[in-house]
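Undergrad: Sequence and predicted structure, then a few things I'm wondering about:
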Amino acid sequence: MDKKITLGILYGSRSAEHEVSIISALQLASMADPFKYEVVPVYISKKGEWFIGGRLWKLDTYVNFDPRKSKLTRVFPDLTARSGALMAFERGQPFRGETRKAAVRLDCVIPVFHGLHGEDGSVQGMLELMNLPYASTGIAGSAVGMDKIMMKRIFLGHGFPVLKDTALTRTAYENDPQSACEGIEKALPYPVFVKPANLGSSIGVSRADDRKQLMDALALAFTLDRRVLVEQGLDDPLEVNCSVLGFDEDVSPSVVEMPVREGALLDFKTKYLASSQQSGMASLSRLIPAPISEEGTQKVQQTAVSIFRALDCKGVVRVDFMLDRVTGELYITEINTIPGSLAFYLWEKTGEGLPYRKLIDRLVQYAFEAHRQKEDTTVSYQSDIIRSAILRGSSGAKGAKG
């Protein structure tokens, strides 16, 4: 029998979407094939501390989180390339202090973060330094996908359909709120949607139909981010989403879904609190496939794949769209580079069906393939700069210039 792959599931972290990440991660961990993987949940607390341990499989561990009561082991990543180790402190003999040991060595990682400090490219950068295979979009695509303002600028540059918008900083707003609102009103007609630049799960998103609502929405958004996107609104649009799975040239779209919502905004409460908390996004009411035309479905899927390729994504993403009921125009809302529940519910209903367990296999496959391609790429260059500097008697860059 082949050796099991030690598969780390990274989740939690310092994010407003911390609890959502826990739900998605435990879903994934419970569905991974136990005959193929030795699954290691790796939880990053709201303080940024890393933990492993058996109690992480239990949802009640995260209520009034206390690592001592749960007998968890605090660890930290060894950044040495190819180590894959999570190190722990071990109390040594009396008067000899603590020693460090490898608590576990990971073969591959699936990041299941939502929001900052995980979905935004920061952890992906650490995994690149560790030279550890991981199943999510890389540094640049993750960063762009997290920042709604940069995302829209990139989409515009590629000619993708997006709604008109403007952006604002907290300092500009606080210096002169009335002038800031006047600038927004000159740029966009009401209604508008106000969104923190670097948050997901609809946290802090508000609709404004007049000046008072706009000021209230901006005040809320600026408590959550120093940069805010204000976007032109549509009256009662249809919302449709499509997931994309793959890496490099092997990319395919999922079936298209239409979330069912009440009111003008599919907010955090509707997404997560009004449904089964243990099911996350998977339990949200939705129509699959979306009741739109075949032509419309193909346009959504083709656009989602084009976005995936433009950001050089990897693994599974979800692209959210809006359809104008009056004109039939399609607009991109955002890309989620680590979607809630990893969009497994869409892949289960795509084609002949891709069960969650098989979806995880594909994610691991793409992680290893991306890592193999990186290993085949020259990342260093041997030169004689230092030897030449020594022969010339130079010391450092200043001497070399002389």
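TA: Perfect, thanks for sending it. Treat the numbers as computed from the prediction; the structure is a model and nothing was measured.
Undergrad: can I assume Leu220 sits in a strand?
TA: No. Counting by DSSP: H, G, I helix; E, B strand; the rest coil, Leu220 falls outside a strand, being helix.
Undergrad: From Leu26, how far off is it?
TA: To Leu26, Leu220 is 30 Å away according to C-beta to C-beta, to the nearest Å. No exception for glycine: its C-beta is placed from N, CA and C like everyone else's.
Undergrad: And Asp324, by the same measure?
TA: 38 Å.
Undergrad: The two: who's more crowded?
TA: Applying other C-beta atoms under 10 Å to Asp324 and Leu26 shows that Leu26 carries more neighbours, namely 22 against 15.
Undergrad: how about the nearest residue to that one, chain neighbours excluded?
TA: Spatial nearest neighbour of Leu26, chain neighbours left out: Leu59 (6.6 Å); criterion: C-beta to C-beta, 6 or more residues apart in numbering.
Undergrad: roughly how far apart are that neighbour and Ser30?
TA: Where Ser30 is concerned, Leu59 sits at a distance of 11 Å (C-beta to C-beta).
Undergrad: Work out which residue lies at the spatial centre of the chain.
TA: Closest to where the C-alpha atoms of the chain average out (C-alpha atoms, centre = their mean) is Glu119, at 3.1 Å.
Undergrad: in what helix or strand does that one lie?
TA: Of the helices and strands defined by DSSP states H and E, none includes Glu119.
Undergrad: Gln27 now?
TA: For Gln27, the host element (DSSP H and E) is helix 18-31.
Undergrad: For the helix or strand just after that helix, which residues meet the burial criterion?
TA: Once the chain leaves helix 18-31, the next helix or strand it forms, by DSSP H and E, is strand 37-44. Using 16 or more other C-beta atoms under 10 Å as the test for burial, strand 37-44 gives Tyr37, Val39, Val40, Pro41, Val42, Tyr43, Ile44.
Undergrad: And stretch 235-248, by the same measure?
TA: For stretch 235-248, by 16+ other C-beta under 10 Å, it's Pro237, Leu238, Glu239, Val240, Asn241, Cys242, Ser243, Val244, Leu245, Gly246, Phe247.
Undergrad: what kind of secondary structure is the fourth one in?
TA: In three-state terms, and counting by three-state DSSP, Val240 is strand.
Undergrad: how close does it get to Lys152?
TA: Computed as C-beta to C-beta, the Val240 to Lys152 distance reads 19 Å.
Undergrad: before we move on, what about the second one?
TA: Between Leu238 and Lys152 the computed distance is 20 Å (C-beta to C-beta).
Undergrad: Same check on the third one?
TA: Between Glu239 and Lys152 the distance, using C-beta to C-beta, works out to 17 Å.
Undergrad: Low-confidence bits of the stretch 101-250 of the chain, can you list those?
TA: Scanning the stretch 101-250 of the chain for pLDDT under 70 picks out 200-201.
Undergrad: ranges for the strands of it?
TA: Listed in chain order, the strands of the stretch 101-250 of the chain (DSSP state E, counting those that start in this stretch) span 108-111, 165-169, 192-196, 206-208, 227-232, 238-247, 250-259.
Undergrad: Centre of the chain to stretch 46-65, how far?
TA: 20 Å (C-alpha atoms, centre = their mean, to the nearest Å).
Undergrad: Start and end of that stretch, how far apart?
TA: This stretch, stretch 46-65, spans 10 Å end to end (C-alpha to C-alpha, to the nearest Å).
Undergrad: Averaged pLDDT, it. What do you get?
TA: When pLDDT is averaged along stretch 46-65, the result is 96.
Undergrad: hmm, who's touching that stretch?
TA: 12-14, 18-19, 22, 26, 29-30, 40-45, 67, 70-77, 86, 103-104, 117, 278 (C-beta atoms under 8 Å, 6 or more residues apart in numbering).
Undergrad: just the buried members of the residues you listed?
TA: Of the contacts of stretch 46-65, these count as buried by 16+ other C-beta under 10 Å: 12-13, 18-19, 22, 26, 29, 40-45, 67, 70, 72-75, 77, 86, 103-104.
Undergrad: related to what we said a few turns ago, next up, phi/psi of the residue nearest to Leu26, please.
TA: phi -60, psi -30 (degrees, to the nearest 10).
Undergrad: the longest helix in the chain is where?
TA: helix 356-375 (DSSP state H).
Undergrad: and the residue nearest to the centre of the chain, how far is that from Ser45?
TA: Counting by C-beta to C-beta, the gap from Glu119 to Ser45 is 17 Å.
Undergrad: Do I have it right that Phe193 meets Arg207?
TA: Yes. Counting by C-beta atoms under 8 Å, Phe193 touches Arg207, with 5.6 Å between them.
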